[in-house]
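1. Got a predicted structure here, sequence first:
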Amino acid sequence: EVALVRFMAAHTIQSSIARHADQVDLDQLLSLLDDEYEPVRRAGASGIQTYVRATGESEGVLDALLGHLEAADPAAADSADATILATMELIDEAVVTERAGVAETVAAYADSENGAVAEPAAQVLATVVGANPESGHQDPALSALEAGLTHENGAVREHCARAAAAITADDPGAGRPFVRGLVLNLGTAGTIGEIAASTLSQVLGEYPEYGTEFLPEMVGGLRNPTSISRQYAGAMVTGRTVSQVTARFLADITDYDTSRGDSLIGPLVDLASNTGDPARDAVFATLENLSVDFPEQSQEMLPAAQSALDAGEVRVRRNAAQVLSNVAIEYPESVAPMTSRLIVAVDDSDPQMRSIALVTLGTIGSEAPEAIEADIRRIIGRLDDDSSLVREHAAKAIITVAQNQPDIVEPAAEASDRLRRVQRDPAVDIDEEMVHQAANAIRTGTPPGEDVEASGDDASTDIFTPEGVDEAGQSSDTRVFEPPTDGDGTAEDPS
């Protein structure tokens, strides 16, 4: 009846079990867990752990441990309960994972603020969920895992992240409750960051809308250089860094919604400057998306975008050019100093790149025509481009300039004639009246709507009249591929 005597007896038993396990009455040992004196309970729990190590017994011990945990108050869990939970990891895994109710019982302890209790509980829960992901889809296991991802104890977070990865590998859509917690672990070096990035790539790759709420918190992932050493959640990202994986799912998310992404611009610009980064295309894809909704903040991107215009693969060049184009809509004066690089891009081997450059030059020309005056011939030259899309954007750029300062479009006669040719091109979508007004403006050197100084027979301002259908010629190019031909140049019969 004296607590200290009971403790001394329990301690003696616990110390002897390793050598005399065959003489231990398990029921009496388990009864120590119900003692009111905490040191006795602690000695009893240690004794049970030693007994399991010595005998390897599973079935009877597991039932007793679960019964104790179910009857106890998780909010009052102590070191004895922590030892009991750790002992469950020593029991045959197949016995633990196949026993109904384990996940529900242990989940109550995984949510404990006491890291010493929550850690072994989370480990058991991760083992059970790893073997049977369905067991983590419902409360209380689901809530425990969600809360565990933000626990102050790193081991608890790691175990819960492993469980979330198992659930996500089984069903990416089921990973939605874990997105916030995983995002908050993206910046953590080591295994937790690896698991978080891998799992999020699975969830957000398929459901990017799940990540829009947490865009600002993803900055940590962009700055995490941890290399992913193994496969988690079924994601094929082994060998990449957390930063690279984060950049790729950010491109998917910002394709869907950019509304909270302005805080990402700075870290993304830092990554964009790394020309050897294999995720550079994703970085610029994200910057392009953000530049649409945050043109003011996106002025920070301009130096990196300019340097990428003639470096890297075509997707990087396109996205970099589109960044300049998006910013130029609101801040053409900020992009105007980069005109010379855009002019070079007008001759890029990629027609989409040439088109974007022409659109941007047209935007700059609408506000600062003097910025493109010296290179206007290069733009006029693209009116005969092989790509109809390039011809269209070259024409629109010239029309834009002609609406404000037509006198810089030289040689005027050539530009006007080429515009006329584009106007009758069936592959080009451009307003006939705009072409008509621009051609007249270029020939007269007077913006549309202003009076032309002329006398006598030259008084008419209608210098160029669009051709009728009977007069119109045909372009040699369309927006679609030409039909394949056989050896003598005759089109093959598609049938």
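-> That came through, no problem. Numbering: from 1, shown residues only.

2. tell me the contacts of residue 269?
-> 287, 300-301, 304 (CB atoms under 8 Å, 6 or more residues apart in numbering). Bear in mind the C-beta positions are built from the backbone N, C-alpha and C, glycine included.

3. what's the pLDDT at it?
-> Note for residue 269: predicted pLDDT of 95.

4. For residue 65, list the residues it contacts.
-> Per CB under 8 Å, 6+ apart, neighbours of residue 65: 48, 84, 87-88.

5. What mean pLDDT does stretch 194-211 get?
-> 96.

6. Could you pull out the buried residues of that stretch?
-> Judged by neighbour count (16 or more other CB atoms under 10 Å), stretch 194-211 contains these buried residues: 194-204, 207-208, 210-211.

7. So which of the residues you listed is the closest to residue 28?
-> Each of these was scored against residue 28 by CB to CB, and residue 195 proved nearest at 42.5 Å.

8. coming back round to it: restricted to helices, list the buried residues of stretch 194-211.
-> 194-204 (DSSP state H).

9. distance of residue 138 from residue 96?
-> 19 Å (CB to CB, to the nearest Å).

10. and the two? which has more neighbours close in?
-> residue 96 (22 against 12; other CB atoms under 10 Å).

11. so which helix or strand takes in that one?
-> Secondary structure assignment for residue 96, by DSSP states H and E: helix 93-98.

12. tell me what that helix is packed against?
-> helix 59-71, helix 115-131 (3 or more CB pairs under 8 Å, 6 or more residues apart in numbering; DSSP states H and E).

13. got a markdown table for the contacts of residue 65, with pLDDT too?
-> Converted to a markdown table, the contacts of residue 65 look like this (pLDDT from 0 to 100):
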| residue | pLDDT |
| --- | --- |
| 48 | 88 |
| 84 | 95 |
| 87 | 95 |
| 88 | 95 |
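
14. what does the average pLDDT come to for the helix or strand following the helix holding residue 96?
-> As assigned by DSSP H and E, the chain's next helix or strand after helix 93-98 is helix 102-110. Throughout helix 102-110, pLDDT has a mean value of 96.

15. tell me what helix 102-110 is packed against?
-> helix 59-71, helix 79-88, helix 115-131, helix 141-148, helix 154-170.

16. the inter-axis angle of it versus helix 154-170?
-> 150 degrees (axes from the mean of the first three to the mean of the last three CA atoms, to 10 degrees).

17. for helix 102-110, which positions count as buried?
-> 102-110.

18. Please name the nearest non-neighbouring residue to residue 285.
-> Distances taken as CB to CB, 6 or more residues apart in numbering put residue 251 closest to residue 285, at 4.1 Å, once the chain neighbours are dropped.

19. Sorry, slip of the keys, the one I care about is residue 255.
-> residue 289 (6.0 Å).

20. Quick one: residues in contact with the host helix or strand of that neighbour.
-> Element membership for residue 289, per DSSP H and E: helix 280-293. Applying CB under 8 Å, 6+ apart, the set of residues contacting helix 280-293 from outside is 244, 247-248, 250-251, 254-255, 258-259, 261-262, 264-265, 268-269, 271-272, 274, 277, 297-298, 301, 304-305, 308, 312-313, 315-316, 319-320, 322-323, 326-327.

21. Over to stretch 314-332?
-> 280-281, 284-285, 287-288, 291-292, 295-296, 298-299, 301-302, 304-306, 308-311, 334-335, 338, 342, 345, 348, 350, 352-353, 356-357, 359-360, 363-364, 366-368.

22. List only those of the residues you listed flagged as buried.
-> For the contacts of stretch 314-332, buried by 16+ other CB under 10 Å: 280-281, 284-285, 287-288, 291-292, 295, 298-299, 301-302, 304-306, 308-309, 334-335, 338, 342, 345, 348, 352-353, 356-357, 359-360, 363-364, 366, 368.

23. Select from the contacts of stretch 314-332 every entry located in helices.
-> Those of the contacts of stretch 314-332 lying in helices (DSSP H): 280-281, 284-285, 287-288, 291-292, 302, 304-306, 308, 334-335, 342, 345, 352-353, 356-357, 359-360, 363-364, 366-367.

24. Ramachandran angles for residue 227?
-> phi -90, psi 140 (degrees, to the nearest 10).

25. May I see the helices and strands packed on helix 102-110 arranged in CSV, with distance to residue 240 as well?
-> Output for the helices and strands packed on helix 102-110, formatted as CSV (distance: least, CB to CB, whole Å):
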stretch, distance to residue 240
helix 59-71, 40
helix 79-88, 35
helix 115-131, 23
helix 141-148, 25
helix 154-170, 16
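
26. what helix or strand does the residue nearest to residue 406 when sequence neighbours are not counted sit in?
-> Of all residues not flanking residue 406 in the chain, residue 441 sits nearest, at 3.9 Å (CB to CB, 6+ apart). Assigned by DSSP H and E, residue 441 belongs to helix 432-444.

27. And that helix, what's buried?
-> 434-444.

28. tell me the average confidence for it?
-> Here the average pLDDT along helix 432-444 is 90.

29. And for stretch 235-243?
-> Stretch 235-243 comes out at a mean pLDDT of 94.

30. I would like the residues contacting that stretch, please.
-> 186, 193-194, 196-199, 201-202, 221-231, 245, 271, 278-279.

31. and with 6 Å instead?
-> 193, 197-198, 201-202, 221-222, 224-228, 231, 245 (CB atoms under 6 Å, 6 or more residues apart in numbering).

32. Can you get me the start-to-end distance on that stretch?
-> Criterion CA to CA, to the nearest Å; first-to-last residue distance in stretch 235-243 is 15 Å.

33. In that stretch, which residues are buried?
-> Applying 16+ other CB under 10 Å to stretch 235-243 flags 235, 237, 240-243 as buried.

34. what about residue 327, helix or strand, and which?
-> Per DSSP H and E: helix 314-330 holds residue 327.

35. How far away from the center of its chain is that helix?
-> A distance of 19 Å separates the centroid of the chain from that of helix 314-330, by CA atoms, centre = their mean, to the nearest Å.
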